[in-house]
Every structure is written in C-alpha cells, then in structure tokens.
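Asks: below is the sequence, then the predicted model.
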Amino acid sequence: MSFWFSDIDEYEDYDNGCSLLGTSDDLEYVKEQSEQYDRNCSLLSVKESLTMALSGVYKIFNDRWAGQTVWIISDTHFADEDLRVGMPNRPSDEELVRRINAKVGRKDTLIVLGDVGDIEFAKELRGYKVLVCGNHDAGATNYEEVFDEIYTGPIMIGEKLLLSHEPIEVPWAVNFHGHDHVGARRKGCYNFCADVIGYGPINLNQLLKTGIYKDVESIHRITIDGATKRARKRGKKLGR
C-alpha cells in the first residue's frame, strides 16, 4: 500500500520525536517511491485489462465486458417446479445462486443464455449481467431491472461467435446456446444449459483462448469459395 504525508509540517506532527525519517530529503524520497509505485500499479492494471480481452470478440463487447472474467450459463429456470419434476436431482434455486456467485465476482460479467425463471433469484446474482432471451423469458421489459444488457434473439459477438438460446447450426460460426437439457451433440454448437455443465458458469475468457473458433471458415470465405465454384461449373458447361 502506498501513502505519503501532504507536507513537511504534517510529517513533523506525525513524527513527534519518533525519528521516522529525519529530513525533508528523506520525505521527498518516500513520496517519489510512492508515486512510482502507483504508476506501476496503474500500468499493471492496464496490462491486466488487455490480457483479459476476449479473443475473437468485437471491440464493442470487449469494451463492455472485458477487464474482468466473463462467465456464461443458460437455463437457470429459477422457481420452475415443472422442470424440477423431470429433474429431481437439480439443486435448489438457492444452491444454484450460490454456485454461480461462488465463481462470478462483483465486477465480472455474467451472460445468461435464456430461460432465467423467477427474477427475484436473478437479482441475487453477482456481476454485470447480460441476457439473451429464451423461449420461457416473458418479454425483455420484465428483466430490465435485473440485467444490464438484454437481447431478445440471437446475437453475433464476433465474426465467428454466435450467442443464442436455442441451438443454431451454421458453417461460419460456433454457437454458444442453451435450451437443450439433455446435451445432444451438434456440429459447431456448445451447450451451456445449467443441467449439462454441472450447475456452474463456464469461464468464457479461458474457453476462447483455446481457439475454439479458429478452424471455422468465415462467412466471407464461404461466400467467395461458393461463387468461385459456381463460376467454374458454369465455365465447364459453356465449354470454356
């Protein structure tokens, strides 16, 4: 922790014969070291913020979400007794909130991919909260007092990154979704339903660092390759 006295008189009052430092030169040295420490901390904070940037995510979302950890989960279904009938081993709503908050810090971002359930429990969740609405979410306005960002449908957060509630299979992006409580495998789709991922959110920063989208062809590349293929095919038909 850094500190210094505002002036020599204040220093001398504090010293009160204790000989903590003894001269104004000593005090100036302490102030210089303290100021350098604070500058280093500031640079470290910037560096940490940059290293926390989400790989493959558009700048506008990185500006809002990065700097701390981003977590993702879906289908919390708070107070959904009908769902609990079919899944008797599902943890209680209070326990689900506890498990989420055990990972999500107050300055982190929490993305919920729909089907929130009772917002009274959602209010207890930590972090800057983002909602991509699901089929059980009854209107965006009902969640405005809880969530900082609300999207009523699928959203592209990067050139090759698609967030949605229901699974969407496309060749030009990886899809992070929920909705499926069983965990069926789909090409290019990653299921974050609470019942599938063990009732705790997934660290999106770490997941994206694995290069999960790297081998996906962009929509531009697919379009260009398709047009080239069709042109070559037409050329053959015309005897060119």
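Replies: Received, thanks. Residues are numbered from 1 along each chain as shown.
Asks: spatially central residue in this protein, please.
Replies: A centroid search over the chain (CA atoms, centre = their mean) returns residue 70, at 2.3 Å, as the residue closest to the centre.
Asks: could you give the bridge partners of that residue?
Replies: Counting by DSSP bridges, residue 70 forms beta bridges with residue 109.
Asks: doesn't residue 111 make contact with it?
Replies: Yes - proximity of residue 70 to residue 111 meets the contact threshold set by CB atoms under 8 Å, at 6.7 Å. In this view, the C-beta of every residue, glycine as well, is placed from N, C-alpha and C.
Asks: picking up where we left off before, show me what contacts the residue nearest to the centre of the chain?
Replies: Taking CB atoms under 8 Å, 6 or more residues apart in numbering, we find residue 70 in contact with 54, 108-111, 203-205.
Asks: from residue 197, how far off is it?
Replies: 15 Å (CB to CB, to the nearest Å).
Asks: what do residue 70 and residue 111 both touch?
Replies: residue 204.
Asks: the domain parsing of this protein - what is it?
Replies: For the chain, automatic domain parsing gives the domain ranges 8-51, 59-209.
Asks: out of those domains, which one sits most buried?
Replies: Highest mean neighbour count among the domains of the chain (mean count of other CB atoms under 10 Å): domain 59-209, with a mean of 18.
Asks: for that one, measure first residue to last.
Replies: End-to-end distance for domain 59-209: 16 Å, by CA to CA, to the nearest Å.
Asks: avg pLDDT for that domain?
Replies: For domain 59-209, mean pLDDT rounds to 95.
Asks: dig out what the closest residue to residue 180 other than its chain neighbours forms beta bridges with.
Replies: Ranked by CB to CB, 6 or more residues apart in numbering and with sequence neighbours excluded, the top spatial neighbour of residue 180 is residue 191, at 5.5 Å. Beta-bridge partners recorded for residue 191 (DSSP bridges): residue 177.
Asks: surely residue 191 touches residue 174?
Replies: No - counting by CB under 8 Å, residue 191 stays clear of residue 174, with 11.8 Å between them.
Asks: need phi/psi at the nearest residue to residue 133 once chain neighbours are set aside.
Replies: Spatial nearest neighbour of residue 133, chain neighbours left out: residue 152 (5.0 Å); criterion: CB to CB, 6+ apart. Residue 152 adopts backbone torsions of phi -80, psi -10, taken as degrees, to the nearest 10.
Asks: distance of residue 152 from residue 196?
Replies: Residue 152 is 23 Å from residue 196, by CB to CB.
Asks: cool, and residue 233?
Replies: Distance, residue 233 to residue 196, by CB to CB: 42 Å.
Asks: let me see the ranges of the strands in this structure.
Replies: With DSSP state E as the criterion, the chain has strands at 70-73, 109-112, 128-132, 149-151, 155-158, 161-163, 174-177, 189-191, 202-203.
Asks: quick one: the ones you listed as a markdown table, columns for distance to residue 228 too.
Replies: Below are the strands of the chain laid out as a markdown table (distance: least, CB to CB, whole Å):
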| stretch | distance to residue 228 |
| --- | --- |
| strand 70-73 | 37 |
| strand 109-112 | 37 |
| strand 128-132 | 35 |
| strand 149-151 | 35 |
| strand 155-158 | 25 |
| strand 161-163 | 25 |
| strand 174-177 | 25 |
| strand 189-191 | 28 |
| strand 202-203 | 38 |
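Asks: fine by me, we can end here.
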